[in-house]
Structure formats: structure tokens, C-alpha cells
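Participant: Sequence and predicted structure, then a few things I'm wondering about:
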Amino acid sequence: MSTETTAPAVQKKRILSCIQPSGIPTLGNYLGALKNWKKLADTFDGTFAVADLHAITVRQDPATFRKQINQVLALLLAIGLDPDESTIFIQSHVPAHAQLAWILNCYTQFGEMSRMTQFKDKSAAHADNVNVGLFAYPVLMAADILLYQADLVPVGADQKQHLEIARDIANRFNTIYSPTFTIPEPYIGKQGARVMSLQAPNKKMSKSDPNPKGYISVFDEPNVIVKKIKSAVTDCDGKVFYGEGKDGINNLMGIYSCCTGLDYDRIAHDFDGKGYGEFKAAVADAVVEELRPVRERFAQYIADKGYLEEVAAKGAARAARVADRTLMKVMKKVGFVLPK
Ligand code: ATP
Ligand code: LTN
């Protein structure tokens, strides 16, 4: 007979995050979000999705879109997420996301959505297609989070406002009915939270930037990375230190610090008396080494379509079990007649 006693199971905290397949992910996505996901997934109960429904708020070319969805799925594996440990899936494969988003739309005010800075920025950038989906985007994001009762949501600093809305919607629903949703906390890493464009260092690095010189894609070859960093906008001061009016250098210091673990004082000390050329070469080397393993593993996963399909199918089934439970709870509280 076994003498082992089973300790009471401690429920791990749940974390959830998503990434849109709206282009090839950038160094900003990697340092600001993906790099943290792997670390957190080792400690917490992780759920990660390819947010394809979010991506169609901007017009996508069908063939390119399909390719990008598979690329982002392969990337989630390439950063080291384990599909047996974490739930990894494609958002549109779990219908509960769209269903809960609709219900939550009816608990969200027009005025609060109008204040979202991402909506303002994106509607200015796509003035010919300011669609209702773009407006309601944060509600779909709230549904993604609340379906899984996530405690923690690791995102870049640009998503803070959307997280606050998700919390407001959850609190509102819990108050009108009874406790239904866990109130999620944002997890914003200290470093890499906002990687800026290499060409316009007052704007965030974005994969949908029409100028590819502004971003480094996680799949860029080393020579391309070197070239892009060499042509990054700086200033005419010529000294490497973190300071006001030095957006370009500050950004490169942030990137270098994320890749090497060195703090700003140490970087300024190491490059004291050296020019921007030398500093840029060091930043480029660090970025190349940081992304090398990701690029290599990505190449293996993307070549195995069968495996990607299997991961997506298993992930969606596992996600749906949790999501459907929350959706039914919500529908019951609102007063819907539940399907038998
Ligand atoms: P798009 O540029 O198409 O709007 P995006 O890259 O901003 O897309 P997502 O793909 O949904 O948006 O972002 C995935 C994650 O990457 C989010 O957590 C987001 O906060 C983070 N992220 C995006 N850009 C940056 C950046 N420049 N610096 C740090 N984190 C970022
Ligand atoms: N809007 C997010 C992507 C996203 C997301 C989510 C992030 C969609 N659903 C749920 C965290 C949790 C963005 O980063 N642009």
C-alpha cells in the first residue's frame, strides 16, 4: 500500500494573452509580450491565442492572412510554449469568444469606447474603413480574457487601457448579477514594455507599419537586422546615455538592455567615449543573438503543417471546455433559455 499522502491541489493562477496575426511579429511584440509569456507559462496556468478575429478590424488579404495565422501559431511554439502544458489555440476556432463579445457589447457604453486611444489612432490610420468591429475591439478582448477567468494578462504598455475596460466590464456584470468573472490584473514587464519604431522613435514599433525600416521582424535575417539598426534614427549629440530628447538612443538602449540584461548606467559606462556606430553594432549583435533560436525553431514548426493543425485542434477543444462553461454561466444569469 502506498504511504504517500496527496497534498491539497493548489489552484495555479491563470494567465491569458493573445497576439494578432496582422503582420509578421516584431521585436516589439517579442520583447514587450512574447518573451514574458514563456517565463510566465512555466509558473502559471497559461492560455495563449492567435487573435484572428481582432485582426480583421483592419482589411486583410485572404491568402496573406491565412499564412500569417499559421506563422503566429508556429511562433508561439518557437518561443518555447508547450502545447501539453499551456492551452494554445486560434481564437475563431472557439465560437464562445464572438458570443460573449456580443453579450458584453450590451454592457458597454458608447462613451467609454470612444475614449480608447488605439481606436483613435487606428481610425486615423485607416480613415476609409472605420468599421464597428474596430470600435468594439476592446469588448472582444474583454471576452477573450473573461471567458478563461484570467487572473493575469501579460501585455505591452499599449494595451493597458484595454485591460482597464475589461476590468470595468467585468465589475459591472458582477455587480448587476452576482460574481461571475475574475477581475484580471495587467502584467506589464518593466523592460521592453514599449519598443519604439526605429524610424520614428516617438511611435511604438508596429508590425502594420507600412515602412519596414521602422521595425525588426522576428524572422529578419541577421544582415537585415544589422542594416535596420544601422539606419535607426538617433540625434547629433553622439553620446550614449539615456536622456531627454534622445528618443532614438533611449529606444536602442532599451532594446540592448532587454537583450543583454545590462542596466542603463552600465551601458552608458561601457560605451563612454565610443560613437553611435559602435553602439549600434553592439545592439545589432545582441538582437541577432536574441532572435536566432526563435527563428531557427520557427523554421522547423512552420514546415510541419500537420503538427500545427493538431496543436490548433487540441488547443481549441481544451479552450472551449473552459470558455463554454463561462458562457453558459453568463447566459443563465442574463436570462437566456439555455440549449439542452
Ligand atoms: P498592430 O501593429 O497590427 O496593431 P500590435 O503588434 O500592436 O499589432 P498585437 O499583435 O495584438 O498588436 O500585440 C501583441 C502583444 O505585443 C501585445 O501584448 C502588445 O502590447 C505587444 N506589443 C505590440 N507592440 C509593442 C511594442 N512596440 N512594444 C512592446 N510591446 C508591444
Ligand atoms: N489587443 C491585443 C491583442 C489581444 C489580447 C487579447 C491581449 C486580443 N485579445 C486578450 C491580451 C488579452 C493587442 O495586444 N493588440
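Facilitator: Okay, I see it. Ligands and ions are numbered 1, 2, ... in the order given.
Participant: out of everything not next to it in sequence, what's closest to residue 112?
Facilitator: Excluding its sequence neighbours, the residue lying closest to residue 112 (Cβ to Cβ, 6 or more residues apart in numbering) is residue 165, at 6.5 Å. (Each C-beta comes from the backbone N, C-alpha and C, glycine too.)
Participant: how close does that neighbour sit to ligand 1?
Facilitator: 15 Å (Cβ to the nearest ligand atom, to the nearest Å).
Participant: Could you count how many residues lie near that residue?
Facilitator: By other Cβ atoms under 10 Å, 18 other residues sit near residue 165.
Participant: In a helix, it, correct?
Facilitator: Yes: residue state for residue 165 (DSSP: H, G, I helix; E, B strand; the rest coil) corresponds to a helix.
Participant: who touches it in this structure?
Facilitator: Shown in contact with residue 165 (Cβ atoms under 8 Å, 6 or more residues apart in numbering): 108, 112, 113, 116, 138, 139, 142.
Participant: try 7 Å
Facilitator: Counting by Cβ atoms under 7 Å, 6 or more residues apart in numbering, residue 165 makes contact with 112, 138, 142.
Participant: Hmm, the second one is touching residue 163, no?
Facilitator: Spelled out, it's residue 138. No: with contact defined as Cβ atoms under 7 Å, residue 138 does not reach residue 163; the gap is 9.1 Å.
Participant: Am I right that residue 66 is in a helix?
Facilitator: Yes: counting by three-state DSSP, residue 66 is part of a helix.
Participant: For residue 320, see how far away it is.
Facilitator: Note on residue 66: its distance to residue 320, by Cβ to Cβ, to the nearest Å, is 22 Å.
Participant: neighbour count winner among these two?
Facilitator: Legend: neighbour count by other Cβ under 10 Å for residue 66 and residue 320, higher for residue 320 (19 against 13).
Participant: ok, is the host helix or strand of residue 53 in contact with ligand 2 or not?
Facilitator: Assigned by DSSP states H and E, residue 53 falls within helix 52-55. Yes: Helix 52-55 reaches ligand 2 (Cβ under 6 Å from any ligand atom) through residue 54.
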